[in-house]
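Trainee: Here is the input, now give the coordinates:
(4 chains)
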Protein chains: 2
Amino acid sequence: MDRALRKKATIYDLSVLSGSSPSTVSAVLNGTWQKRRIAQATAEAILGLAEQHQYTTNLQARGLRRSRSGLVGLLLPVYDNRYFSSMAQTFEAFVRRRGQCPIVVSASRDPDEERKTAETLISYSIEELFVVGATDPDGVNDVCRAAGIRHVNIDLPGTKAHSVISDNYEGARLLTEAIIARFGPEDPLQPDELCLFGGRDDHASRERIASFQKTKTVLLGSNTEGEVQSTGYSPEMTLGAFEKFYATHGKLPRALFVNSSINMEGLLRFMARRPASAFTNLVVGCYDYDPFASFLPFPVIMIRQDIETMIAKAFELSNQPPSPPQTLLVQPELVQPRSALKGPLDSLSNKNSA
Amino acid sequence: MDRALRKKATIYDLSVLSGSSPSTVSAVLNGTWQKRRIAQATAEAILGLAEQHQYTTNLQARGLRRSRSGLVGLLLPVYDNRYFSSMAQTFEAFVRRRGQCPIVVSASRDPDEERKTAETLISYSIEELFVVGATDPDGVNDVCRAAGIRHVNIDLPGTKAHSVISDNYEGARLLTEAIIARFGPEDPLQPDELCLFGGRDDHASRERIASFQKTKTVLLGSNTEGEVQSTGYSPEMTLGAFEKFYATHGKLPRALFVNSSINMEGLLRFMARRPASAFTNLVVGCYDYDPFASFLPFPVIMIRQDIETMIAKAFELSNQPPSPPQTLLVQPELVQPRSALKGPLDSLSNKNSA
DNA sequence: TCGCAATGCACAATCGATGGTGCATTGACT
DNA sequence: AGTCAATGCACCATCGATTGTGCATTGCGA
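Mentor: Alright, predicted model coming up:
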């Protein structure tokens, strides 16, 4: 009853209670008893006792012995946006379906934290690690490889393991084109009226920015100055960039390419400081999908990365025999404004929503 | 190099290499060597070897021996919305600050899954478990108590352990009043123009619904019929409820009390099927905060639960000496439309957003 | 009745780290 | 020289489960 008073029952306890040896108890409880030709009667007796005493296997002990744990890890940068939280949600379903236990941790985009966290997970003998959007994928990969743990990068590629990423170049092309297409020939967009906000020095940002600039140059011509405002993955920095732009030009560009939903939150903060009417003519493209963002009071075109496929491919790659690291591109999808798409939660809610 | 070929170094390996005994190596590596009066020179030699061979402690073995693990668990219903993902984000920061490793898992609002998952975590000797929004908190609490693991319920209360929850009654009162206050005396809201969508048979929903009905009755009078549309935590069910209401009445109520952001997504789905112009006069109150939802094309008043305080209190309760289960109420906050509040990510992004 | 195979289970080593105990060695001091 | 305390470290049991091995017992056919 009292806090920690009742220690958990072990196979040794059951061994004494049942009069069988610990190894017999173990075999019965882990299901290998048929193979060991244990009598059905013995097995049933032990199972009864186990039930009665609320026995549960000490998985640390088992893990130590077998050096496997049934745990599968997902290492995220952060939890708090729809892209990564959908990732976690989808991951969870996949792992459960395989009868394993999904473990999610985040490391705040800190290379050091990433490596340490991976080591911690590995120390618990997780069987696989999926590394999402790591700032230093190679560092994490080293750690995994040293421990002989299967691992795959997702979202941001590394050079030392397989990677599954969005086709950021193609996605950014689609998005840029869609933004420009919103403006009819009667009042066409000028080159200096379309700017990109967000992005950082990672593979995804670089691809998106390059594609944005290329596409824009082809369709509109380019204005080199202030075309790209790099702000990192920070709402507050993004807000700062918008404020600065506004201070300089007295207005926002008519069209925005926003590099991620996190940067979109910077735009929200900017909006909060001004009347709604100031944004009626804005067109925004956002590289990420968030259902609520899709219904903002101005057209928001979004890119939805195909998380389901990315996770599925990642599992495939992880279970393949070793081969030189390859990077798999998954096509993202353009989402028109005012779209409420189904997400990973929908597969659940059938089960138990009442 | 090759996949799993290099086994991880153990204290026994280092013991052989250094010529010291395993226990000496262990003491050096876990920092207790001063206490054991190991010579500095010996320690340095061993630390050197450890570095050189990339030694990392096998935490399963340590955990087995010490029956403590340094892991702290968070059990969520789901990941994929801002409430729970903020919860995870905040939790992560708290645990890291204490030098431990946060582990997050979700159990899809399935009582069985909840218990099993808790058992799995416990088998890894997690030191504490925070149980968020569990469908069956008492079941999970039983499991924890049987194992002597400290645990606290969050968001939904249980009878067998401390709980930290929002003051749902007060929050719903604030929200209902704020919704009604949006309508001036020149065109006051009628009782049948304010309906609640969402909710399920859990403590939070019951409180909110009761408070909604009470407040509404006091301020507007009540219409008993169709005032509350229970839909569970499912976007699709919520969509269904809106469609049904629409089919029956030929329109939506002018004002909505939506029970959670998940139910808000049902409203989004409804919106996607109709022109934007159909929603210009709508006023919505949503019991949950999502920055993007706050900027929808109609006024959305939101309730933000004070996650930071809830987590903080939960940690406090968890570390108190045992006492009869108590439920702590945390005051939520009313958020006016078009508000972009800072969140748990903001404390991070200073560190490394470039 | 003897031998052999099948049956049922116990024994003991092992996974890697920890920590209580206790044996040598050294140095200081009488 | 002899005593005693400090110093430095090795030994060994232990955490709980797994698994290869091998010893009894039973049953059957010859």
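Trainee: buried sites along whichever helix in chain A runs longest?
Mentor: Longest helix in chain A by number of residues (criterion: DSSP state H): helix A:203-220. For helix A:203-220, a neighbour-count test (16 or more other CB atoms under 10 Å in any protein chain shown) marks A:203-205, A:207-209, A:211-213, A:215-216, A:219-220 as buried. Every C-beta, even on glycine, is put in place using the N, C-alpha and C of the backbone.
Trainee: ok, of these, which one's closest to B:Ile38?
Mentor: Using CB to CB, A:His203 is the member of the buried residues of helix A:203-220 that lies nearest B:Ile38, at 46.3 Å.
Trainee: Now do that closest one, the pLDDT please.
Mentor: What the model reports as pLDDT for A:His203 is 97.
Trainee: now the one 3 residues further on
Mentor: On pLDDT, A:Arg206 comes in at 97.
Trainee: how close does it get to A:Gly171?
Mentor: 13 Å (CB to CB, to the nearest Å).
Trainee: sorry, back to before: quick check, the longest helix of chain A touching chain B?
Mentor: No. Applying CB under 8 Å from any CB of the partner chain, one finds helix A:203-220 separated from chain B by no less than 11.5 Å.
Trainee: From the chain's centroid, how far away is that helix?
Mentor: Distance, stretch centre to chain centre, for helix A:203-220: 24 Å (CA atoms, centre = their mean, to the nearest Å).
Trainee: With stretch A:229-242 instead?
Mentor: 22 Å.
Trainee: what is the mean pLDDT for it?
Mentor: On average, stretch A:229-242 scores 95.
Trainee: can you give me the strands in the stretch 101-250 of chain A?
Mentor: Counting by DSSP state E, counting those that start in this stretch, the stretch 101-250 of chain A has strands at residues A:101-106, A:128-132, A:150-154, A:163-166, A:194-197, A:228-229.
Trainee: wait, which of the ones you listed is closest to DNA strand D?
Mentor: Closest to DNA strand D of the strands of the stretch 101-250 of chain A is strand A:101-106 (CB to the nearest atom of the strand; 14.9 Å).
Trainee: Pull the residues that contact that closest one.
Mentor: A:70-79, A:88, A:91-92, A:94-96, A:117, A:121, A:126, B:79, B:88-89, B:92, B:101-106, B:117, B:120 (CB atoms under 8 Å, 6 or more residues apart in numbering or on different chains).
Trainee: Report the separation between A:Ala161 and DNA strand C.
Mentor: To DNA strand C, A:Ala161 is 23 Å away according to CB to the nearest atom of the strand, to the nearest Å.
Trainee: Now do the same for that residue: its pLDDT.
Mentor: On the pLDDT scale, A:Ala161 gets 95.
Trainee: One more: A:Leu64?
Mentor: The model's pLDDT for A:Leu64 equals 89.
Trainee: Which helix or which strand is home to it?
Mentor: helix A:59-66 (DSSP states H and E).
Trainee: now swap in A:Glu316 and tell me
Mentor: helix A:307-318.
Trainee: what's the next secondary structure element after that helix?
Mentor: strand A:327-330.
Trainee: Residues contacting that following strand, please?
Mentor: A:157, A:162-167, A:170, A:305-306, A:309-310, A:313, A:317.
Trainee: Can you flag the buried ones in those residues?
Mentor: In the contacts of strand A:327-330, the ones that pass as buried (16+ other CB under 10 Å) are A:157, A:162-167, A:305, A:309-310, A:313, A:317.
Trainee: Next, the buried residues of stretch A:91-103.
Mentor: A:91-96, A:100-103.
Trainee: Which positions in the stretch 1-150 of chain A make contact with DNA strand C?
Mentor: A:19-24, A:36-39, A:41-42, A:61, A:64-65, A:67 (CB under 7 Å from any atom of the strand).
Trainee: how about those, which pair is most distant?
Mentor: A:Ala41 and A:Ser67 (33.3 Å).
Trainee: Would you mind telling me which of the two has the busier surroundings?
Mentor: Applying other CB atoms under 10 Å in any protein chain shown to A:Ala41 and A:Ser67 shows that A:Ser67 carries more neighbours, namely 14 against 8.
Trainee: separation between that one and B:Val25?
Mentor: From A:Ser67 to B:Val25 the distance is 20 Å (CB to CB).
Trainee: before we move on, what about A:Pro324?
Mentor: 37 Å.
Trainee: Those two: which has the busier surroundings?
Mentor: B:Val25 (28 against 5).
Trainee: Produce a PyMOL select command limited to the buried residues of the residues of the stretch 1-150 of chain A next to DNA strand C.
Mentor: A single PyMOL command is used to select the members of these judged buried by 16+ other CB under 10 Å:
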select buried, chain A and resi 20+24+38+42+61+64
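Trainee: Can you give me the pLDDT of A:Arg6?
Mentor: 55.
Trainee: so A:Leu71 bridges to which residues?
Mentor: A:Cys101 (DSSP bridges).
Trainee: my guess is it contacts A:Ser125, does it?
Mentor: Yes. Applying CB atoms under 8 Å, one finds A:Leu71 in contact with A:Ser125, separated by 7.2 Å.
Trainee: and A:Asp290, what is it in contact with?
Mentor: A:81-83, A:261, A:264, A:302, B:292.
Trainee: Show me those residues that map onto strands.
Mentor: A:Met302 (DSSP state E).
Trainee: Isn't A:Pro191 up against A:Thr224?
Mentor: No. With contact defined as CB under 8 Å, A:Pro191 does not count as touching A:Thr224 (9.4 Å).
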